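Novice: I'll drop the sequence and a predicted model, then ask my questions.
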Amino acid sequence: MEITPSQFAQIEHCLPTQRGNVSLSNLDVLNAILYVAEHGCKWRGLPKRFGNWHTIYTRMNRWSKSGVMDRVFEELQQSQVVRIKIEAVSLDSTSIKVHPDGTGALKKTVCKPSESPEADGIPRFIWLPRMLARL
């Protein structure tokens, strides 16, 4: 899934203007982001034709923090360039096992979890993407 220059012209107003000596155009970066999203690969696994993976990741991270990615994907959905249907996405924190060092947990805790899972109740973490609210 790659966006053509004519499709990019429809959403170009959502992206920040490029300044200075930039090696990758916004179209190239957007196509690389769509490649990672479609194939589920790691950033380091991007084909060389997209350019330096770290440059693409850095720009995507900046765009994500400033809200550019939300605007771009909303515009892509509205203009029917990319059709994404998200019904529900959830993550149950009780099913993910992480080493205690990876969670940032303290070595000793004051409160202990209860002996029976029924007393703990249902999992309290469910995540839904922001795009669901806009559809």
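Specialist: Thanks, I have the structure now.

Novice: packing partners for whichever strand or helix holds residue 56?
Specialist: Per DSSP states H and E: residue 56 is located in helix 53-66. Applying 3 or more C-beta pairs under 8 Å, 6 or more residues apart in numbering; DSSP states H and E, one finds that helix 53-66 contacts helix 26-39, helix 68-78. (Each C-beta comes from the backbone N, C-alpha and C, glycine too.)

Novice: if you compare these, which one is most tucked away?
Specialist: Of the helices and strands packed on helix 53-66, the one with the most neighbours on average (mean count of other C-beta atoms under 10 Å) is helix 26-39, at a mean of 18.

Novice: With just CA atoms, put that one into PDB.
Specialist: Only the C-alpha atoms of helix 26-39 are listed here, as PDB (Å, rounded to 0.1, in the frame of the first residue of the first chain):
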ATOM      1  CA  ASN A  26       6.900  13.800   3.300                       C
ATOM      2  CA  LEU A  27       5.500  11.400   0.700                       C
ATOM      3  CA  ASP A  28       8.400   9.000   1.100                       C
ATOM      4  CA  VAL A  29       8.100   9.100   4.900                       C
ATOM      5  CA  LEU A  30       4.300   8.500   4.800                       C
ATOM      6  CA  ASN A  31       4.800   5.600   2.400                       C
ATOM      7  CA  ALA A  32       7.400   4.100   4.700                       C
ATOM      8  CA  ILE A  33       5.000   4.500   7.700                       C
ATOM      9  CA  LEU A  34       2.300   2.700   5.800                       C
ATOM     10  CA  TYR A  35       4.700  -0.100   4.900                       C
ATOM     11  CA  VAL A  36       5.500  -0.700   8.500                       C
ATOM     12  CA  ALA A  37       1.800  -0.500   9.400                       C
ATOM     13  CA  GLU A  38       0.800  -3.000   6.700                       C
ATOM     14  CA  HIS A  39       3.600  -5.500   7.100                       C
END
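
Novice: Sounds good, over and out.
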